[in-house]
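Participant: here is the input, now give the coordinates:
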Amino acid sequence: MFVCCVSMDERLPDLAQELELRDELLIASRSVLLGVATREAAALVAHIDALLDLDDERSPGSVAGPLAA
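Facilitator: Next up, the predicted model:
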């Protein structure tokens, strides 16, 4: 039986990178939703904004600010 030695750093994803990718997806989704003129789309945009604002408040060194449309 072959046992591979892998450090914890190699097995675990980089959390900061994963969060950055998630934020990019949220921002792209937000941009698309802004072009959809429905109450449901507006509600999703509001939820995305709240999530991104919450992340800004909890991230060390981040400055919360308005999102560019």
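Participant: for the rest of this, base every contact and every neighbour count on C-alpha atoms.
Facilitator: OK.
Participant: so where do the helices sit in this structure?
Facilitator: 8-11, 15-34, 39-58 (DSSP state H).
Participant: what's the neighbour count on Arg22?
Facilitator: Using other Cα atoms under 10 Å, Arg22 is surrounded by 12 other residues.
Participant: state the distance from Asp49 to Gln17.
Facilitator: The spacing between Asp49 and Gln17, counted by Cα to Cα, to the nearest Å, is 20 Å.
Participant: ok, back up a step: can you add mean pLDDT and give the helices of the chain back as TSV?
Facilitator: Compiled in TSV, the helices of the chain are given as follows (pLDDT from 0 to 100):
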stretch	mean pLDDT
helix 8-11	62
helix 15-34	94
helix 39-58	89
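Participant: number of residues surrounding Asp23?
Facilitator: 16.
Participant: who are the neighbours in contact with it?
Facilitator: Residues in contact with Asp23, defined by Cα atoms under 8 Å, 6 or more residues apart in numbering, are Leu52.
Participant: tell me how far it lies from Arg30.
Facilitator: 10 Å.
Participant: hmm, Val45 is touching Val36, no?
Facilitator: No: with contact defined as Cα atoms under 8 Å, Val45 and Val36 do not form a contacting pair (10.3 Å).
Participant: neighbour count for the two, which is higher?
Facilitator: Set Val45 next to Val36 and count neighbours by other Cα under 10 Å: Val45 wins out with 20 against 11.
Participant: and the more buried one, what is it in contact with?
Facilitator: Val45 neighbours (Cα under 8 Å, 6+ apart): Arg30, Leu33, Leu34.
Participant: let me know how buried the first one is, in neighbour terms.
Facilitator: Residue crowding around Arg30 was assessed by other Cα under 10 Å; the count is 20.
Participant: which non-adjacent residue is nearest it?
Facilitator: Of all residues not flanking Arg30 in the chain, Val45 sits nearest, at 5.6 Å (Cα to Cα, 6 or more residues apart in numbering).
Participant: save the contacts of Val45 as a markdown table, and put in distance to Asp56 too.
Facilitator: Formatted as a markdown table, the contacts of Val45 follow (distance: Cα to Cα, whole Å):
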| residue | distance to Asp56 |
| --- | --- |
| Arg30 | 17 |
| Leu33 | 21 |
| Leu34 | 21 |
